[in-house]
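Novice: Build me a model from this:
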Amino acid sequence: MKIAIGSDHAGYLYKQAILQHLLAAGHEVEDFGTHSEAPVDYPASPASTTTPTSSLSANA
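Specialist: Numbering: from 1, shown residues only. Take a look at the predicted model:
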């Protein structure tokens, strides 16, 4: 399954753990960030993750 994943800076470490679990399970994962614990503009993160799902380029 192709999965889109993303988070804000507060969820970065959780996202990394989930990402590793999904990859180990054989899923294709596209990570839309954030890519560190540095503060980011939260509304931009969900928007970049939901676009591939709504356009069907990712399954979940």
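
Novice: wouldn't residue 6 be in contact with residue 15 here?
Specialist: Yes - counting by CB atoms under 8 Å, residue 6 does reach residue 15; the two are 7.3 Å apart. To be clear about C-beta, it is placed using only N, CA and C from the backbone, and glycine gets the same treatment.

Novice: if I look at those two, which residues touch both of them?
Specialist: Common contact partners of residue 6 and residue 15 (CB atoms under 8 Å, 6 or more residues apart in numbering): residue 31.

Novice: how about the helices in this protein?
Specialist: All helices of the chain, identified by DSSP state H, fall at 12-24, 44-54.

Novice: Confidence-wise, which of those is weakest overall?
Specialist: Of all the helices of the chain, the minimum mean pLDDT falls on helix 44-54 (a mean of 61).

Novice: first to last residue in stretch 17-37, what's the distance?
Specialist: 14 Å (CA to CA, to the nearest Å).

Novice: Going by neighbour count, which residues of that stretch are buried?
Specialist: Within stretch 17-37, the residues scored as buried using 16 or more other CB atoms under 10 Å are 19, 22, 29, 31, 32, 33, 34.

Novice: can you name the two of these that are farthest apart?
Specialist: Within those, 22 and 34 form the most distant pair, 17.2 Å apart (CB to CB).

Novice: is residue 5 in a bridge, and if so with what?
Specialist: Going by DSSP bridges, residue 5 is paired in beta bridges with residue 31.

Novice: Surely it is in contact with residue 30?
Specialist: Yes - Residue 5 lies in contact with residue 30 (CB under 8 Å); the separation is 7.2 Å.

Novice: okay, and the common contacts of those two?
Specialist: In contact with both residue 5 and residue 30: no residue, using CB under 8 Å, 6+ apart.

Novice: Tell me, how many residues neighbour residue 4?
Specialist: 19 (other CB atoms under 10 Å).

Novice: Find me the pLDDT at it, would you?
Specialist: So residue 4 comes in at 89 (pLDDT).
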